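here is the input, now give the coordinates:
(chains A, B, C and D, ligands or ions: 4)
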Amino acid sequence: MPAPQALLAIDALGKDYTATVLDGVTLTLNAGEVLALTGENGAGKSTLAKILCGLTPPTRGHMRLAGQVYAPASRRDAERHGLRMVLQELGLVPTLTVAENLLLGRLPQRAGWLRRAALHSAARAQLDRIGLHHLDPATPVARLGLGQQQMLEIARNLQDDTRILVLDEPTAMLTPRETSFLFEQIAQLTARGVAIVYVSHRLEELRRVADRVAVLRDGRLVDLRPMAGLSEDELVQRMVGHSVSDLEYRPRRAAGPVVLSAEGLGRGSAVQDVSLQLHAGELLGIAGLVGSGRTELLRLLFGADRADRGCITLHPQDRPIPPPIPSAATATSAASTASAAHDGWPAPVAMQEMAPPAQSPARRQTPGVFSSPLQAIAAGLGLVTEDRKSQGLLLTQPIRINATLSDLGAIARGGWLQRALENRLVQSLVHRLGIRCRNAEQPVGQLSGGNQQKVVFARWLHRPCRVLLLDEPTRGVDVGARAELYRELDRMAAEGRALLMVSSDLRELMTMADRIGVMRAGRLVALFERGQWSEQALLAAAFAHTASNPAPVTR
Amino acid sequence: MNDPAPASASARAGTRAPAPLWRSQLATYLGLGAVLAGMVALFSSLSEYFWSAETFITIANEIPALAVMAVGMSFVLIIAGIDLSVGSVMALAAAISAAAIVQWGWTVPAAAALALATGLVCGTITGTIAVAWRLPSFIVSLGMLEAVRGSAYLVTDSRTQYVGDAISWLSAPFLGGIFGGISVAFMLALLLVIVAQLVLSHTVFGRCVVGIGTNEEAMRLAGVDPRPIRITVFAVTGLLAGLAGLMQSARLEAADPNAGAGIELQVIAAVVIGGTSLMGGRGSVVNTAFGVLIIAVLEAGLAQVGASEPSKRIITGGVIVAAVIIDTLRQRMDAANR
Amino acid sequence: MNDPAPASASARAGTRAPAPLWRSQLATYLGLGAVLAGMVALFSSLSEYFWSAETFITIANEIPALAVMAVGMSFVLIIAGIDLSVGSVMALAAAISAAAIVQWGWTVPAAAALALATGLVCGTITGTIAVAWRLPSFIVSLGMLEAVRGSAYLVTDSRTQYVGDAISWLSAPFLGGIFGGISVAFMLALLLVIVAQLVLSHTVFGRCVVGIGTNEEAMRLAGVDPRPIRITVFAVTGLLAGLAGLMQSARLEAADPNAGAGIELQVIAAVVIGGTSLMGGRGSVVNTAFGVLIIAVLEAGLAQVGASEPSKRIITGGVIVAAVIIDTLRQRMDAANR
Amino acid sequence: QDKPKIALIMKSLANEFFRTMEDGARAHQKANADAYTLLANGIKNETDTAAQIKMIEQAVAQKVNAIVLAPSDSKALVPVLKSAIDKGIIVVNIDNRLDAAALKEKNINVPFVGPDNRLGAKMAGEYLARRLKAGDKVGIIEGIATAFNGQQRSLGHHEAMKAAGITVASVQSGQWEIEKGNTVAAGMLREHPDLVALLAGNDSMALGAVAAIKAAGKTGKVLVVGYDNIGAIAPLLADGRMLASVEQYAAKQAVFGIELAQKAIAAKTPQAQLPAVMQTDVVLSTKDSR
Ligand SMILES: Nc1ncnc2c1ncn2[C@@H]1O[C@H](COP(=O)(O)OP(=O)(O)OP(=O)(O)O)[C@@H](O)[C@H]1O
Ligand SMILES: Nc1ncnc2c1ncn2[C@@H]1O[C@H](COP(=O)(O)OP(=O)(O)OP(=O)(O)O)[C@@H](O)[C@H]1O
Ligand SMILES: [Mg+2]
Ligand SMILES: [Mg+2]
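Ligands and ions are numbered 1, 2, ... in the order given. Down below sits the predicted model:
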């Protein structure tokens, strides 16, 4: 069992913010092992990781590194001791280049002057390690997709002097290809004797990499045992306190009429000639590699970016969408938004005609696409954004304000906000999704990552939209809460909404989707029906270089 | 499907009830209130007549123009913009209404409406240009500062226009003086502060302003078009600057085309002292009013004490910074205790 | 699984090879260059003598002070700060050096060093207060604006100090006039612009400035302490304002304690016209120099044409906004073509 | 019985002219320390009328016996003075004369103690004209166009030039500032290469003009006159880079005003019976007069 000399020994570590978020955590970490750290959202995983790497001091307890007392004063200090961390939230500087970001804090210099050649070759080497051969080190980070940014964040911390590497949900945004690059690196590191702390909600990954697993619940270490022989069910049981069955076999949902269809949608080279149809009551999944244009596609459908070409058509529907949270919404939303949705559409119309007449005729508008999210929302669409930090949340504002953002009409009368109504609505959302917080007035920025994601989701839960676009909706969400989100999605589908979900987690797609489309290099290259797919086939479609794959099957 | 386990649900969901809203609200006024009280105490000890109803009434009647502009500026800063043109707009509105009364023989209500309309138009132009080309409002309003000032010179032929007491009812005692000599303008400014605070914290519009100031892209994706809201904020600020111009000429009985030169920094200072962030997304109109009071009391006190010009400047600079430091420290203490 | 497909890889990383760096750099100057050329052409057609070496040399000799302060301000804005005190610091530095030469009989180099030191100290104070209490630099520098101006009055007893030609070598023709009458000060400013641009884009310090302006938290987490960098930026800006003060008194042979009142807005305008964002993280010193040129040519041209004060103001306002619009449109076109 | 309290409210104390005025007043108060107490105040910049009104209101709130005022605006200050007078406070106007029509409309009498700016400027202009010949071209750099004394000085300059048959080629505002004066002067010199003289509304702008002349390489070829006779121009007058300035005895103006107020308080003269005007001296200051 564990070597006599543990690399890192943690003793009775505790952390209080206003509440206690970590208490009495005692564990050891051995050289060359991968310790998985798991637990529900807000269990304290990131907090523990941050303490290890000097980002925040513990309130109680102490640590020993190779026998020496270890109390890092800063991240810098921790890095000097060889502890590095990939943060859950991206910490890149978008205005700097890839190379500069990779070597931030230790840029090669001579008397203060940057040595660009050295910088780029060092960056090149680091990028190569993690499979980003094609990325130009001089590209500004602002131009990269989130997944690539996540890869950068990892690359940045793959250093030779590392003794312990903490990875806080590194794969939340990654697809299998990137994930396998990462795992290769992990294998190399552990072979060198580096210890890895691996935080993740993807249980199948833990099985692949971890030697031991530690489970946190409510800030306490509830379990610590070897991974070998542990079944997923047992793990979930320990994390959540009860078992969650999200792996059940599900039959294909009965697809209703077409709600929305897109024809030849495209923008630049990021998205090319995408045609798809969304049916009421079913969930269409989109798989693809990082940077394959999935996010771009959703943004085009939603009018967040303007499509260069193509056309979106909305079809009428007889069955009205009921307001999802009757307790709060019935009283109010009738006046404003709900009514629009209840009336339904008169006939299949191209977006052009759907556009409110107020649109100035002078503005050039590609026929048949949404020119702004406002239009899309008015037409009954919703989007759960991928990058919650920059596009989803008002980080400094309370949960209350964030959760009600997309349907202010529902909590206002004559332009005046009804505080009581809002509080009730928010309370019900917080309960329904199990958002772990002090109270609804807590700024979202203080929540754990998974809970932030739930707030973004909550926003679309109470709005009666017909088509919900979801971009990595379960990013960083724990199994228990994931099951709750899935339950909500099921309910939405049952209500007759059309759902379009992008996810990098193939298992999730295979569980939830009725059809799965695969994108590659901006094109929708394949479309599988439930029952026709296999993990193998999906991956093959995502990776293939040639167009010899099955042509898109559009019904 | 099945119920979430009750235990885990309660553990996850909000546990503690939030402190009553009014209490946390009140607490935010403590820091600035203390600064203000300290200043009043100091000046009262330095100058024989400072602690008198007359002094306070005088101060009260001096602040409406500044207060009204600061209300508008609060919204502008919260939406992460800035408006440097308020001083010029104020002068132009005063000048145009004076010209309307004196030269063109308009009735007073018509001239007053014209002043407000002038402000509204100026603000709308600033907002529209900034929004249409997505330019920083700093530079657009700087351009407006120059152009509008030029227009004010043009309208008045660079001469102060004597208006007389046509609109002096604005600066006359409120309700014939039942509140001492407190003027109508002061009451109007007070009303505006209250209404603006309510709009900011209790309307959809206010919520959108805060949201856009915090993260415009997130608001856009949540289905709020930021453009009309931005324009409205600038338009209203222009309107309020126009009102300030009216108040000013009611008090001076004259419209000076140089009026309000450089006042934009004072207005912004008042708002920032009140804790509104220049980066947007955070602010309170009531706190802005405190900021206005601090600036006004400081100015009045220094004048009564008869401080020399250099010491006036040095003290003013010091107090501005000190006020913000004290308020910041208090806020941090407050945040730590929550 | 291991080899990334060449086709998909190139699609992902942006298909086209990026244009050579120098070309895209040069392209960013196009918009402002066009505005500048347009202005020169216009004034040349309006005024017989505008298109002459004399005019350009005069303009060149008028801009060093503004340019030097704008260089510092570029860094301040890129780091997402603002410094309103540059005008006051310039006046104080000029006043102190004048007093040193005239009243205390110091040698010229000693007095010049004193002026620079004064600027450095003022900037350091601003930066340190802002950093220590995490206050918005807007309000700290506004406080400094007042306090430093007061000190300038104190030092000069509110009187203009006659300096004479003690330091006029700064404004004398460079190398005895081999570049026509281009002054030493201009050459110094030019050198500074080049060095500052290199520092911004080619040193670790410059990259940290950009990074802190974009995402301070990320820099902190990457192990860069933003505080000394912030303070340095303000300190250097103070130093440069001190240098501007020296240049000014060399040219005017007098130190006026009221000098540079309101110049901060002009300096910021120059920087923003040059495309630097007030929100931080983006900017270029060379573009700032274009902004300075635009402002200087405009002022000189209007003075030469003999425009009336109102029309001067209106035109100035219009040109500032138009320049930024043109530059923005050009940038967007550029971004769309990439 | 307390000593009477007199408030002296000036324009910008950052302006040398008013600093001198303040010094004169303070010296006078020191010499008569048991006769009255003095409260001297100035505004931040010369055009901040609103601030000056606040100072008057503060003075009234402090129950001063008299106010001696150098108004920043000749019309806008009248209403607030009327309310001060109604409270029994003696008001004396110095430096910049209040608008007669506005005073009449408010039906008050405010004695003016001060110089005739127009006369002073005319004197400087006439002195300059003697070195020029008819048909020569000159430029005028005015102060802030809205300021009454600025307007008066410009008028004086124009009058003198017209009388001598000299052409005024350009009139621009230098905003009372050295730097703006410099820019404007430089522009005029380029546009009118045959300019032989510049008439500045104050000495700061004259200093800027001298620097512009030097920069254009025309030292000695273009004459400059200023106004106010501030200390900094003494060397320029001495070596001929400036031809003349106008001395209007800033220190004395305040003192005369204060003395008038003192007398009125002592004799309990009602405001309405105070003399309307007390003209103070304006004297040309040249190389020889120093
Ligand atoms: N700065 C802070 N101030 C107050 N509370 C905080 C702060 N940071 C974290 N918390 C709280 O501490 C708890 C633990 O958060 P932590 O980020 O460690 O959770 P986690 O286990 O990483 O969750 P997730 O899986 O969602 O990332 C949460 O309830 C969170 O709200
Ligand atoms: N603003 C931009 N400028 C240039 N290229 C961009 C921009 N935004 C995205 N791209 C590129 O467009 C392609 C599609 O990106 P997108 O974000 O849609 O992919 P994705 O499949 O959602 O991947 P990710 O997981 O990274 O979000 C990528 O190659 C990305 O680098
Ligand atoms: Mg976490
Ligand atoms: Mg994506």
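
so which residues on chain A come close to ligand 2?
Within chain A, the positions near ligand 2 by C-beta under 6 Å from any ligand atom are A:143-148, A:173, A:270, A:288, A:290-296, A:386. Just so you know, the C-beta spots here come from the backbone N, C-alpha and C atoms, and that holds for glycine as well.

go again using 5 Å as the cut-off
Listed as neighbours of ligand 2 in chain A under the rule C-beta under 5 Å from any ligand atom: A:R143, A:G145, A:L146, A:G147, A:A270, A:V290, A:G291, A:S292, A:G293, A:R294, A:T295, A:E296.

any chance of those in CSV, plus neighbour count and distance to D:V255?
Putting the residues of chain A next to ligand 2 into CSV (neighbours: other C-beta atoms under 10 Å in any protein chain shown; distance: C-beta to C-beta, whole Å) gives the following:
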residue, neighbour count, distance to D:V255
A:R143, 14, 73
A:G145, 20, 78
A:L146, 21, 76
A:G147, 24, 81
A:A270, 21, 80
A:V290, 23, 83
A:G291, 27, 82
A:S292, 29, 86
A:G293, 29, 84
A:R294, 28, 84
A:T295, 26, 79
A:E296, 24, 80
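
farthest pair in the residues you listed?
Taking every pair in the residues of chain A next to ligand 2 and measuring C-beta to C-beta, the maximum separation is 16.8 Å, between A:R143 and A:R294.

what about A:P251, how many residues nearby?
Neighbouring residues of A:P251 were enumerated by other C-beta atoms under 10 Å in any protein chain shown; the total is 8.

quick one: low-confidence ranges for chain D?
By pLDDT under 70, the low-scoring segments of chain D are D:1, D:290.

where along the stretch 151-290 of chain D do the helices fall?
Using DSSP state H, counting those that start in this stretch, the helices of the stretch 151-290 of chain D run over residues D:178-191, D:203-215, D:234-239, D:250-267.

residues contacting the residue in chain A that ligand 4 sits nearest to?
Closest residue of chain A to ligand 4, C-beta to the ion: A:T295 (3.3 Å). With contacts defined as C-beta atoms under 8 Å, 6 or more residues apart in numbering or on different chains, the neighbours of A:T295 are A:G145, A:L146, A:E386, A:D471, A:V502.

could you dump those to JSON lines with pLDDT?
Output for the contacts of A:T295, formatted as JSON lines (pLDDT from 0 to 100):
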{"residue": "A:G145", "pLDDT": "80"}
{"residue": "A:L146", "pLDDT": "78"}
{"residue": "A:E386", "pLDDT": "84"}
{"residue": "A:D471", "pLDDT": "92"}
{"residue": "A:V502", "pLDDT": "94"}
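
need those residues in a markdown table with distance to ligand 3 and secondary structure, can you?
Formatted as a markdown table, the entries for the contacts of A:T295 read as follows, by distance: C-beta to the ion, whole Å; DSSP: H, G, I helix; E, B strand; the rest coil:
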| residue | distance to ligand 3 | secondary structure |
| --- | --- | --- |
| A:G145 | 22 | coil |
| A:L146 | 17 | helix |
| A:E386 | 17 | coil |
| A:D471 | 19 | strand |
| A:V502 | 22 | strand |
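
mind checking which of the helices of the stretch 151-290 of chain D is nearest A:V222?
Taking C-beta to C-beta as the criterion, A:V222 comes closest to helix D:178-191 out of the helices of the stretch 151-290 of chain D, the separation being 72.9 Å.

quick one: that closest one near chain C?
Yes. Using C-beta under 8 Å from any C-beta of the partner chain, we find that helix D:178-191 touches chain C at D:I178, D:E179, D:N182, D:T183, D:V184, D:A186, D:G187, D:M188, D:R190, D:E191.

out of these, which are buried?
Listed as buried from those are D:I178, D:E179, D:N182, D:T183, D:V184, D:A186, D:G187, D:M188, D:R190, D:E191; burial here means 16 or more other C-beta atoms under 10 Å in any protein chain shown.

hang on, the second one packs against C:N258?
No. In this structure D:E179 lies outside contact range of C:N258 using C-beta atoms under 8 Å: 9.2 Å.

re the thing from before, from the buried ones among the residues of helix D:178-191 next to chain C, which are also near chain B?
Of the entries in those, not a single one is placed beside chain B under the rule of C-beta under 8 Å from any C-beta.

now, which of the residues you listed sits nearest C:L84?
Set against C:L84, the nearest of these by C-beta to C-beta is D:E179 (18.0 Å).

any idea how far ligand 1 is from the closest one?
50 Å (C-beta to the nearest ligand atom, to the nearest Å).

for B:G164, list the residues it contacts.
Applying C-beta under 8 Å, 6+ apart, one finds that B:G164 lies in contact with B:E253, D:E105.

give me the three-state assignment for it.
Taking DSSP: H, G, I helix; E, B strand; the rest coil as the rule, one finds B:G164 in the coil state.

restricting to C-alpha, output the helix or strand harbouring A:R299 in CSV.
Assigned by DSSP states H and E, A:R299 belongs to helix A:294-302. Below are the C-alpha coordinates for helix A:294-302, written out as CSV (Å, rounded to 0.1, in the frame of the first residue of the first chain):
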residue,chain,number,x,y,z
ARG,A,294,-20.9,23.5,-32.7
THR,A,295,-21.0,26.6,-30.7
GLU,A,296,-21.0,28.7,-33.8
LEU,A,297,-24.0,26.8,-35.1
LEU,A,298,-26.0,27.4,-32.0
ARG,A,299,-25.2,31.0,-32.1
LEU,A,300,-26.3,31.3,-35.7
LEU,A,301,-29.6,29.6,-34.9
PHE,A,302,-30.1,32.0,-32.0
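
mind putting the contacts of A:T295 in JSON lines, distance to C:M333 included?
Shown next, in JSON lines, are these (distance: C-beta to C-beta, whole Å):
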{"residue": "A:G145", "distance to C:M333": "24"}
{"residue": "A:L146", "distance to C:M333": "27"}
{"residue": "A:E386", "distance to C:M333": "29"}
{"residue": "A:D471", "distance to C:M333": "30"}
{"residue": "A:V502", "distance to C:M333": "32"}
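
ok, the spatially most central residue of chain B to B:G87 distance?
In chain B, the C-alpha nearest the mean C-alpha coordinate belongs to B:A70, at 0.9 Å (C-alpha atoms, centre = their mean). Distance check for B:A70 against B:G87: by C-beta to C-beta, to the nearest Å, it reads 12 Å.

quickly list what's touching both of those two.
Common contact partners of B:A70 and B:G87 (C-beta under 8 Å, 6+ apart): B:V267.

burial measure for the residue in the stretch 201-338 of chain B positioned nearest to chain A, as a count.
Ranking the residues of the stretch 201-338 of chain B by distance to chain A (C-beta to the nearest C-beta) places B:G223 first, at 3.6 Å. Other residues within reach of B:G223 by the criterion other C-beta under 10 Å amount to 27.
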